[in-house]
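Engineer: just need the structure, nothing else, for what follows:
(2 chains)
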2 protein chains.
Amino acid sequence: MKEFKVAFLGFGNVGTGTYKIIKENGSKIFQREGINITVKKILVRNVNKKRPVEVEPDLLTDNIKEIIEDPEIAVVAEFIGGEEPAREYILSALNNKKTVVTANKEVMARHWEELENAAIRNGCGLYYEASVAGGIPIIKVVRESLQGNNITEIMGIINGTTNYILTKMSEEERKFEDVLAEAQKLGYAEPDPTSDVEGYDAMYKLSILSTLAFHTRVRISDVYREGITNITPEDIAFGKELGYTLKLLAIAKKHGNKIEARVHPTFISADHPLATVRDAYNAIFIKGDAVGNLMLYGRGAGDLPTGSAVVSDIVNACLHQSKHMYSTLCNGDWKADEVLFDNNWETEFFIRMTVIDKPGVLAKIAGIFGKYGVSISSVIQKGRNSIHVPIIFVTHKAKEMSIKKAINEIKNEDVVIKIGNVIRVEH
Amino acid sequence: MKEFKVAFLGFGNVGTGTYKIIKENGSKIFQREGINITVKKILVRNVNKKRPVEVEPDLLTDNIKEIIEDPEIAVVAEFIGGEEPAREYILSALNNKKTVVTANKEVMARHWEELENAAIRNGCGLYYEASVAGGIPIIKVVRESLQGNNITEIMGIINGTTNYILTKMSEEERKFEDVLAEAQKLGYAEPDPTSDVEGYDAMYKLSILSTLAFHTRVRISDVYREGITNITPEDIAFGKELGYTLKLLAIAKKHGNKIEARVHPTFISADHPLATVRDAYNAIFIKGDAVGNLMLYGRGAGDLPTGSAVVSDIVNACLHQSKHMYSTLCNGDWKADEVLFDNNWETEFFIRMTVIDKPGVLAKIAGIFGKYGVSISSVIQKGRNSIHVPIIFVTHKAKEMSIKKAINEIKNEDVVIKIGNVIRVEH
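Structural biologist: Numbers count the residues shown, from 1 in each chain, chains lettered A, B, ... in the order given. Got it, this is the predicted structure:
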């Protein structure tokens, strides 16, 4: 039985969950794996604060040095979140030859090279399963189960808060603001919801996932990002009529040496496996040239699910102590200058606008789309009894830039009162 | 760059798929992982047979000794299938210090201890990702991503042929025999379909999965097995009315030291994630006390998807050559004599029977159910215009044995013409 001492940096939701799992399942788990893991120190801001779990007082410290400089501590699990001081602490842990397990998507997405190089230099491990999709072991699957594949596509619901909001908006026909307020009250959304509802959270996660899947560094600046704050119940209702479900999808595709990576509200067919993913659940759909379609579904957040991923990383870190695995960034498919990040991708589009209801309007707008090579697959026109009526166009596959140009011209037409949402459609 | 020579035993569907992946993606894949893998020998019955892929003639051999006794060969991938000679060949490969990768569910389910002990004794690896659910990396997820969990439940669609048949029966309202014949013509079902349609294939896979998930040896003799050959379009149609979808599920549950493992046609709610798994797709739903609900979905068979799992095993085998992982059978949760395999599990039941349509029949039957402690949650009676009418009972949770006893008594009633299918209902 090998002994391992672990330290936690931070003791919020996920830290507490991880602690509970080690406390409750530890002896059984570690007996199965032949190792014994104990938590030796927990870094907190205030050692005197009342906490939801009982912890021996001398486990707590507010001094990072007590962890970094303790030669007994083999693994440091980081739960602080955000960029600083998380980056700095992870780096000093690695430089002190401690393996780091992190749940921090932002620090990984932003500082991957610096952190991984430090790990390699020091011969210790860097594990980050919990940084993407909580309890779903997507990092390990992409990294260690799909080596035989060229992955060509990722589509994921990787933000639980927005999926919860969109599910409620869709099933209860409610407005974004209403559902957000409720989600905040229930603790499903943060007091400042920006990171979730504007897609930053999903952007960090997609950067990590697509970097691993494509063996190419996909930076957050390479990810197009659009949130769900402008989505209305009307968009969702019109989409339903067309057989679509609205999701905030994180999408990455690879064609030759071109990569596109984008987070935006997306309509998918109601019979797509991702369409049935409800509430705060996450799911990631992957296409590989050998495996075909693969999907993982589960809890993308929460103390115990995310703790499950952290504990798995800790166990694997201890078992592989002599031989940690690193990402294959360094021997990627292309040199950085050969990669083309494409922002003129091709999808179908759902375009809602309000127009004056008079003969010839449809022909005029369709004509402008045609001028930019955009062909229309269906049109819904509603409510013939008022002067201003909503009209929805769904296009065949079209280039992002062509749509932008067409809409720029359409919005200057007298008969067009307002351009509403433009929502991409994926299959 | 480390060099590894691999030999194949057998060169059917999955062997060919694996060969194609190594041939087409190999250089890229192995560059990413820093290893070079080449196929040195392929054991076939007839070296002169025409094959769907082109292979250099001197790769082929009909002499197992050319593989087993070749010190250059580090990894042997077994694609023969079935019990013998697969078991014997795997064993001699292990005894000659070769790591074995196998896609063979039957040999693993039947001879796990013998094979794994040989691997441990010889310091080489035994990998079997491809033995369950084709391209879905369920073995590795259960083994290496959920260590923090006590897994309490597995529900899986792990036989593609029966899922294809049931999907067609359900969506096209066709008979079992019709769809089976079509599936055979299309190559989705074997000329002798017994192993699939009678649930043997799923039984082997459930034995492997539940053994890993519960850290307890679950033998095939511990798995209850019932196929889909008696399912009628009427069962499926009545189930639909009740909001159920019919699937051949492989189910394993753990309560304290009791384990139940069973393969049988099962009704699940149409909104359960497994209900939307169509055609030949597989999916496995897992409950863990930390991770909550987790589901993996993908292609459960086919040359390239299953080849994807084999290639992943080969890569991992080469990367971990010094430190293979073994199952935790030997340090399981309980000693064998503490485990209780429970065959008196509790589920809801759908029971279809044909009765004489006269007053008092319902009361009589309900009375017998009541006598055995079975309470009824709903009843559907159809077609009041004929003498013999179908009647469907859905029970609340009841014990398997109570249902058996109740039905034994009910079937002797004069008013009961015929007991139709008894189908378990899961949520």
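Engineer: distance of whichever residue of the stretch 301-427 of chain A sits closest to chain B relative to residue A:21?
Structural biologist: As assessed by Cβ to the nearest Cβ, chain B sits closest to residue A:311 within the stretch 301-427 of chain A, at 3.2 Å. In this view, the C-beta of every residue, glycine as well, is placed from N, C-alpha and C. Distance, residue A:311 to residue A:21, using Cβ to Cβ, to the nearest Å: 5 Å.
Engineer: identify the contacts common to the two.
Structural biologist: The overlap between the contact sets of residue A:311 and residue A:21 (Cβ atoms under 8 Å, 6 or more residues apart in numbering or on different chains) consists of B:148, B:290.
Engineer: assumed the residue of the stretch 301-427 of chain A closest to chain B was part of a strand.
Structural biologist: No: assessed by DSSP: H, G, I helix; E, B strand; the rest coil, residue A:311 does not belong to a strand; its assignment is helix.
Engineer: now do the same contact list for the nearest residue to it once chain neighbours are set aside.
Structural biologist: Counting by Cβ to Cβ, 6 or more residues apart in numbering or on different chains, residue A:311 lies nearest to residue B:148, which is 3.2 Å off, once chain neighbours are set aside. Neighbouring residues of residue B:148 by Cβ under 8 Å, 6+ apart: A:21-22, A:25, A:29, A:307-308, A:310-312, A:315, B:288, B:290-291.
Engineer: did I read that right, residue B:148 in a strand?
Structural biologist: No: read with three-state DSSP, residue B:148 is coil and lies in no strand.
Engineer: mean confidence score for stretch A:420-427?
Structural biologist: The pLDDT scores in stretch A:420-427 average 96.
Engineer: can you check stretch A:324-344 too?
Structural biologist: Mean predicted lDDT for stretch A:324-344 stands at 74.
Engineer: quick one, longest helix in chain A?
Structural biologist: Criterion DSSP state H: the longest helix present in chain A is helix A:13-33.
Engineer: quickly run through the sheet partners of the helix or strand that that one is followed by, with directions.
Structural biologist: Note on helix A:13-33: by DSSP states H and E, the next helix or strand toward the C-terminus is strand A:35-43. Sheet pairing of strand A:35-43 (DSSP bridges) gives strand A:2-9 (parallel), strand A:60-61 (parallel).
Engineer: on that earlier part again, can you tell me how far the residue nearest to residue A:311 sits from residue A:22?
Structural biologist: 8 Å.
Engineer: overlap in contacts, these two.
Structural biologist: With Cβ under 8 Å, 6+ apart, residue B:148 and residue A:22 have common neighbours residue A:311.
Engineer: counting neighbours, what do you get for the residue of the stretch 301-427 of chain A closest to chain B?
Structural biologist: 33 (other Cβ atoms under 10 Å in any protein chain shown).
Engineer: ok, residue A:69 next?
Structural biologist: Around residue A:69 there are 11 residues (other Cβ under 10 Å).
Engineer: in contact with the spatially closest residue to it that is not a sequence neighbour, which residues?
Structural biologist: Spatial nearest neighbour of residue A:69, excluding adjacent residues (Cβ to Cβ, 6+ apart): residue A:96 at 7.0 Å. By Cβ under 8 Å, 6+ apart, the contact list for residue A:96 reads A:68-69, A:122.
Engineer: adding secondary structure, write those out as a markdown table.
Structural biologist: Below are the contacts of residue A:96 laid out as a markdown table (three-state DSSP):
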| residue | secondary structure |
| --- | --- |
| A:68 | helix |
| A:69 | coil |
| A:122 | helix |
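Engineer: how close does the residue most central in space within chain A get to chain B?
Structural biologist: The centre of chain A sits closest to residue A:202, judged by Cα atoms, centre = their mean, with a distance of 3.1 Å. Distance of residue A:202 to chain B, computed by Cβ to the nearest Cβ, to the nearest Å: 20 Å.
Engineer: quick check: residues of the stretch 301-427 of chain A near chain B?
Structural biologist: Within the stretch 301-427 of chain A, the positions near chain B by Cβ under 8 Å from any Cβ of the partner chain are A:302, A:304-305, A:307-312, A:315-316, A:319-320, A:322-323, A:325, A:328, A:331-333.
Engineer: how deep is residue A:327 tucked in, by neighbour count?
Structural biologist: 21.
Engineer: typo on my end, it should be residue A:241
Structural biologist: Neighbour tally, residue A:241, other Cβ under 10 Å: 10.
Engineer: mind listing what the nearest residue to it once chain neighbours are set aside touches?
Structural biologist: Setting aside the residues directly before and after it, residue A:241 is nearest to residue A:380 in space (Cβ to Cβ, 6+ apart), at 6.7 Å. Contacts for residue A:380 (Cβ under 8 Å, 6+ apart) come out as A:238, A:241-242, A:391-392.
Engineer: show me those that map onto strands.
Structural biologist: Secondary structure assignment by DSSP state E places A:391-392 of the contacts of residue A:380 in strands.
Engineer: state the distance from the residue nearest to residue A:69 to residue A:7.
Structural biologist: Taking Cβ to Cβ, one finds residue A:96 at 11 Å from residue A:7.
Engineer: and if you look at residue A:85?
Structural biologist: Relative to residue A:7, and taking Cβ to Cβ, residue A:85 is found at 15 Å.
Engineer: got the domain ranges for chain A?
Structural biologist: A:2-135+A:304-319, A:138-299, A:346-426 (automatic domain parsing).
Engineer: which of the ones you listed sits closest to residue B:341?
Structural biologist: Across those, residue B:341 has its closest neighbour in domain A:2-135+A:304-319 (20.3 Å, Cβ to Cβ).
Engineer: nearest to residue B:343, of the domains of chain A?
Structural biologist: Ranking the domains of chain A by their distance to residue B:343 (criterion: Cβ to Cβ) puts domain A:2-135+A:304-319 first, at 25.8 Å.
Engineer: how far does the closest one sit from the chain's center?
Structural biologist: 21 Å (Cα atoms, centre = their mean, to the nearest Å).
Engineer: how long is it from one end to the other?
Structural biologist: 9 Å (Cα to Cα, to the nearest Å).
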